[in-house]
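**Student:** from the sequence below, what's the structure:
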Amino acid sequence: MALVAVIIPVYNGAVTVAQTIDSALAQDFADCEVIVVNDGSTDSTRSVLDSYGSKIRVIDQANRGASAARNTGVARSDSEYLAFLDADDLWTANKLSRICPRLQANTEAVLAFSDFWRVPPAGTQVEAYRFAGAPSMRDLLTSRSEILPSTLVLRRTAFVQSGGFCEDFRPNYFEDPYFCTVVREQGEFEHVPELLVTYRLPHNVPLEGYVANGRLFAHLIYQRYGKQARALIDQTWDHLGRVALQDALSRMDSGDRVGASRSLMLAITLRPTLIFERQLRTRFLRTNNLRRVLRMFGVRRLKS
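**Tutor:** Next up is the predicted model:
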């Protein structure tokens with residue numbers, strides 16, 4: 001039995017999953033096994049996985065989302081520690097050797113995590129994301145956790161006691177902050193202030209699915225923590241409203257009047273006061289955008 005099970009969920013990840021697996025196999029921490037859960041991929045992902053032979057363990061299942069894939073990987077392993085690596089992220093070769101000793105040294109800690117590099121879809125302007133430290137429970141009920149699954153290692157006991165990843169989040173938005181908040185109930189977190197992970201920001205996140213999962217997150221947080229999580233819930237609604245409004249502005253700039261109208265109405269529903277912020281109001285009042293806004297409400301001409 002390996003000390004650490006590395007769980008890699010993948011869905012149609014043929015383009016990136018080989019690099020991800022290679023970064024897991026390149027660890028200078030020998031006591032680990034790599035388990036890849038193929039979550040119903042319809043591209044050539046399975047062929048890529050087959051090329052690794054016995055170096056990895058592959059589990060196939062029908063498409064059920066990242067949370068279910070991670071949970072399946074955990075259920076099919078028996079390691080004391082669990083590490084997760086998304087199929088488009090990368091680890092440095094010393095990721096596990098820097099994280100695991102922190103859990104071994106602090107018996108009160110149930111999870112350890114690191115800082116990470118953030119790479120936009122275009123692959124330019126790579127940013128370092130650094131945490132101020134390990135969050136308290138109060139911190140997590142005030143502001144949504146930014147700890148990524150690919151940055152953490154946790155004890156199996158904490159995973160089991162917390163119930164694993166909530167599979168109601170599909171495909172994979174907001175399941176990680178909810179998971180980390182519930183796991184924090186089990187004990188302390190350890191922060192390793194090193195850039196050990198490269199996180200590739202996703203392409204074209206569908207607004208409707210993202211907002212639906214954000215609403216679910218706020219609902220589950222309120223169910224579990226009630227009024228003590230008021231700040232976190234308010235922050236979540238504010239974030240969702242801003243995302244919808246930015247989507248409206250982007251669609252407006254590109255001339256997608258119908259899509260912009262839909263996203264604008266969603267933003268107003270989520271957070272009505274956002275449209276009165278100066279920065280966003282200035283964007284709306286650009287001549288081209290103002291014309292588009294007026295057209296939404298039936299005004300066809302705008303004098304120069």
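**Student:** pLDDT below threshold where in the stretch 201-304 of the chain?
**Tutor:** 275, 277-304 (pLDDT under 70).
**Student:** now the end-to-end length of stretch 46-59.
**Tutor:** This stretch, stretch 46-59, spans 10 Å end to end (CA to CA, to the nearest Å).
**Student:** please apply the same query to stretch 121-137.
**Tutor:** 32 Å.
**Student:** go on, stretch 151-161?
**Tutor:** 20 Å.
**Student:** give me the buried positions along it.
**Tutor:** By neighbour count on 16 or more other CB atoms under 10 Å, the buried set for stretch 151-161 is 151-155, 158-159. Quick note: C-beta positions are derived from backbone N, CA and C, even for glycine.
**Student:** try stretch 59-66
**Tutor:** Residues 59, 64-66 are the ones in stretch 59-66 that count as buried (16+ other CB under 10 Å).
**Student:** so which of the buried residues of stretch 151-161 comes closest to C180?
**Tutor:** Lowest distance from C180 to the buried residues of stretch 151-161 (CB to CB) belongs to L152, with 7.7 Å.
**Student:** helix/strand/coil for the closest residue to the closest one other than its chain neighbours?
**Tutor:** Among residues not flanking L152 along the chain, F113 sits closest, at 4.3 Å (CB to CB, 6 or more residues apart in numbering). Under DSSP: H, G, I helix; E, B strand; the rest coil, F113 falls in the strand class.
**Student:** could you pull up the residues touching F113?
**Tutor:** Residues in contact with F113 (CB atoms under 8 Å, 6 or more residues apart in numbering) are 99, 131, 134, 147-148, 151-153, 189-192.
**Student:** in TSV: those, plus pLDDT, distance to P121 and secondary structure.
**Tutor:** As requested, those are arranged in TSV below (pLDDT from 0 to 100; distance: CB to CB, whole Å; DSSP: H, G, I helix; E, B strand; the rest coil):
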residue	pLDDT	distance to P121	secondary structure
I99	97	27	helix
F131	97	23	coil
A134	98	30	coil
I147	98	22	coil
L148	97	16	coil
T151	98	20	helix
L152	98	23	strand
V153	98	27	strand
F189	98	29	strand
E190	98	31	strand
H191	98	27	strand
V192	98	27	strand
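**Student:** can you put the residues you listed in CSV and add distance to R118?
**Tutor:** Shown next, in CSV, are the contacts of F113 (distance: CB to CB, whole Å):
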residue, distance to R118
I99, 19
F131, 13
A134, 20
I147, 13
L148, 9
T151, 11
L152, 16
V153, 20
F189, 20
E190, 21
H191, 17
V192, 17
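**Student:** in the stretch 151-300 of the chain, which spans are strands?
**Tutor:** 152-155, 188-200 (DSSP state E, counting those that start in this stretch).
**Student:** off-centre distance for the shortest one?
**Tutor:** Between the mean C-alpha location of strand 152-155 and the chain-wide mean there is a distance of 16 Å, by CA atoms, centre = their mean, to the nearest Å.
**Student:** parallel or antiparallel, which strands does it pair with?
**Tutor:** When pairing is defined by DSSP bridges, strand 152-155 lines up against strand 81-84 (antiparallel), strand 109-119 (antiparallel).
**Student:** do I have it right that P135 meets T181?
**Tutor:** No - with contact defined as CB atoms under 8 Å, P135 and T181 do not form a contacting pair (9.1 Å).
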